[in-house]
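Participant: Sequence unavailable; structure follows:
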């Protein structure tokens, strides 16, 4: 139940972030839908490909598709001056999505006895893979590679779950809250991973 | 029979469009082949991945590979002043390819009892996915996201077939002709989907 | 045994090339890891997808992951003035990786009775596909499409193995050496495939 709600929050936030970026690069409505859906569902799709979970599971999430569709439509047509207010909330919801998706991806990978490295990759791809494809489709350098700390928190989730350090609903919820907090702190203090140049 | 001819026309048109774009971005001959093959076969490939049709079916289309190879070679080396004349024809043949591939993709998806949303995605990916990958490989913003109405016609095919509104060879041929006509009209009148900015 | 060593050399060279490019485009450490791993393992992954070899085989290469991780870390943090010296060696090791990976990819494809065209695609994707994805993630036009002769040597390996012209360890080693030599010659003399413009 809690899980479903987090999933919905994450899907909406991811879909909206795709629609916002489609606006930024001046794509049309179809571009908005593709970027929105890609951000919301692309990560799970790539994860399923990579660790060979049947993809048909993606297609059975009907109500999530509907919610994403609605979110994208509203985000695409909303007046410019709303966006400024909304952006902070999107970062927060997006952090919930990142955490929820990363944990879910890691759980999937563990449930099929994938090795640790695959669990981490599954967490990163599920949490951050959608945004990666979104940025490639938007013709820009993927955000996760150069600004702030984002995918690392997904990797952290994969690490904790892959090593079996977080088991059961309470530990998982705790992990989720920790990731959301760290993600918000990295945004607030503009934490960055080391760059060479 | 009719179907095979449409398939060949679409494959040639898609392969040529890839070769033309390779010339535009100053890629070498290998870039021309990769972009040409990607445009012609990439959409079907991604569709097969997404709805889990065995990919080996792609590799059995020997004669289509040969035809695409020939088309790319000619298009890559043809003199510049030929291209102007040819481009209008390529847009027309490309519209046939878009329609034929989208219908084929939707039919595939229906034949494996995929849900409606997967039928639409299959139609869009088969019809427009090759061009999408082509543009990513060419380092440009994918055309389908920002100019004219293109992928929407593929989605329309998926919608009609997914809802079982078009059954049998005559209805399908009719749908194909409708899509080609609408696509040509969108090009002629420079129809665009709504942009936000 | 020889094969394992070539595999390790190729993996290290590919991983380092990814880390170098992450530095060039000013990505952070995570970008370095993703680009490095993508270059080293992305080609094999795409090949497995395309010719339907189970992907789990990728995840069992634990020690190669460790080696790549180490190589990327060192390459990412190494002082600028080291890179100049190292770059020539990277081109040489990269040529070994290209040859070893292309041959391995072709062998895989032959072992599952794939048709000739799929053998060639498998060789090209395994040898050059990682670099292709790396360049897309780095937001640049893929190198294999416009400069020097690179992927063609991988295609050559696929052709020779697909036609059963190279069988057994000695012939294969000979083919590998021929490809490395030709690759180094193409770099030295700046050989290019024909461009149209």
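Facilitator: The structure has been received and is ready for your questions. Predicted, not measured: the structure shown is a model, and the values here were computed from it. Numbers count the residues shown, from 1 in each chain, chains lettered A, B, ... in the order given.
Participant: from here on, contacts and neighbour counts on C-alpha atoms
Facilitator: Fine.
Participant: Residue A:46 is in contact with residue A:129, isn't it?
Facilitator: Yes: counting by Cα atoms under 8 Å, residue A:46 does reach residue A:129; the two are 7.2 Å apart.
Participant: Name the residue in these two with the higher neighbour count.
Facilitator: Per other Cα atoms under 10 Å in any protein chain shown, whichever of residue A:46 and residue A:129 has more neighbours is residue A:129, with 29 against 20.
Participant: Which residues of chain A lie near chain C?
Facilitator: Residues of chain A lying close to chain C (Cα under 8 Å from any Cα of the partner chain) are A:50-52, A:114-115, A:117-118, A:136, A:139-142, A:144-147, A:151-152, A:192-197.
Participant: buried subset of those residues?
Facilitator: Buried by 16 or more other Cα atoms under 10 Å in any protein chain shown: A:50-51, A:114-115, A:117-118, A:136, A:139-142, A:144-147, A:151-152, A:193, A:195-196, out of the residues of chain A next to chain C.
Participant: Can you name every helix or strand that the helix or strand of chain A with the lowest mean pLDDT contacts?
Facilitator: Lowest on mean pLDDT, DSSP states H and E among the helices and strands of chain A sits helix A:56-59, with a mean of 71. Judged by 3 or more Cα pairs under 8 Å, 6 or more residues apart in numbering or on different chains; DSSP states H and E, helix A:56-59 is in contact with helix A:29-51.
Participant: So is the helix it packs on next to chain B?
Facilitator: Yes: legend: contact between helix A:29-51 and chain B by Cα under 8 Å from any Cα is shown at A:29-32.
Participant: just the helices in chain A please.
Facilitator: A:2-24, A:29-51, A:56-59, A:62-77, A:80-111, A:116-137, A:151-162, A:168-188 (DSSP state H).
Participant: List the buried residues of the last one.
Facilitator: Judged by neighbour count (16+ other Cα under 10 Å), helix A:168-188 contains these buried residues: A:172-173, A:175-177, A:179-184, A:187.
Participant: what's the burial count for residue A:56?
Facilitator: 16.
Participant: I'd like the average pLDDT over stretch A:184-197.
Facilitator: Across stretch A:184-197, pLDDT averages out at 83.
Participant: what does chain A put close to chain B?
Facilitator: Contact residues (Cα under 8 Å from any Cα) of chain A with chain B: A:23, A:26-32, A:55-56, A:59-60, A:76-77, A:136-139.
Participant: ok, of these, which come out buried?
Facilitator: By neighbour count, with 16+ other Cα under 10 Å, the residues of chain A next to chain B hold A:23, A:26-32, A:55-56, A:59, A:76-77, A:136-139 as buried.
Participant: Look up how far residue B:145 lies from residue A:23.
Facilitator: Residue A:23 is 11 Å from residue B:145, where distance means Cα to Cα, to the nearest Å.
Participant: list residues touching both of the two?
Facilitator: Contact criterion Cα atoms under 8 Å, 6 or more residues apart in numbering or on different chains; residues shared by residue A:23 and residue B:145: residue A:32.
Participant: isn't residue A:25 right up against residue A:137?
Facilitator: No: the criterion here is Cα under 8 Å, and residue A:25 misses it with residue A:137 at 10.4 Å.
Participant: which stretches of chain A aren't confidently modelled?
Facilitator: By pLDDT under 70, the weakly predicted segments of chain A are A:1-2, A:57, A:197.
Participant: Straight-line length of stretch A:56-66, end to end?
Facilitator: Separation of the first and last residues of stretch A:56-66 by Cα to Cα is 17 Å.
Participant: Distance-wise, check residue A:176 relative to residue C:146.
Facilitator: Distance from residue A:176 to residue C:146, by Cα to Cα: 45 Å.
Participant: again, but for residue A:23
Facilitator: Residue A:23 sits 31 Å away from residue C:146, going by Cα to Cα.
Participant: now swap in residue A:90 and tell me
Facilitator: Using Cα to Cα, one gets 40 Å for the distance from residue A:90 to residue C:146.
Participant: Check residue A:36 too.
Facilitator: 32 Å.
Participant: Then residue A:51?
Facilitator: 33 Å.
Participant: Quick check: phi and psi at residue A:142.
Facilitator: When read as degrees, to the nearest 10, the backbone of residue A:142 gives phi -50, psi 130.
Participant: So for it, what's the nearest residue that isn't a sequence neighbour?
Facilitator: Closest residue in space to residue A:142, ignoring its immediate chain neighbours: residue A:135 at 5.0 Å, by Cα to Cα, 6 or more residues apart in numbering or on different chains.
Participant: who touches that neighbour in this structure?
Facilitator: Contacts for residue A:135 (Cα under 8 Å, 6+ apart) come out as A:141-143.
Participant: Check residue A:175 too.
Facilitator: Neighbouring residues of residue A:175 by Cα under 8 Å, 6+ apart: A:157, A:166.
Participant: I'd like the distance between it and chain B.
Facilitator: 31 Å (Cα to the nearest Cα, to the nearest Å).
Participant: cool, and residue A:128?
Facilitator: For residue A:128, the distance to chain B - Cα to the nearest Cα - is 19 Å.
Participant: Give me the neighbour count for that residue.
Facilitator: Count around residue A:128 with other Cα under 10 Å applied: 30.
Participant: Leaving out chain neighbours, which residue sits closest to it?
Facilitator: Per Cα to Cα, 6+ apart, closest to residue A:128 is residue A:151, 5.8 Å.
Participant: Quick check, the one you found in contact with residue A:124.
Facilitator: Yes: contact status for residue A:151 versus residue A:124: in contact at 5.9 Å, counting by Cα under 8 Å.
Participant: Give me the common contacts of those two.
Facilitator: Shared contacts of residue A:151 and residue A:124 (Cα under 8 Å, 6+ apart): none.
Participant: Give me the buried stretch members for stretch A:110-124, please.
Facilitator: A:110, A:114-124.
Participant: Also stretch A:150-166?
Facilitator: So stretch A:150-166, judged by 16+ other Cα under 10 Å, has buried residues A:150-162, A:166.
Participant: out of those, who's nearest residue B:83?
Facilitator: Relative to residue B:83, the closest of the buried residues of stretch A:150-166 is residue A:151; by Cα to Cα it sits at 45.3 Å.
Participant: residues in contact with the spatially closest residue to residue A:90 that is not a sequence neighbour?
Facilitator: Excluding the flanking residues, the one nearest residue A:90 by Cα to Cα, 6+ apart is residue A:13, at 5.8 Å. Residue A:13 makes contact with A:90-91, A:93-94, A:97 under the criterion Cα under 8 Å, 6+ apart.
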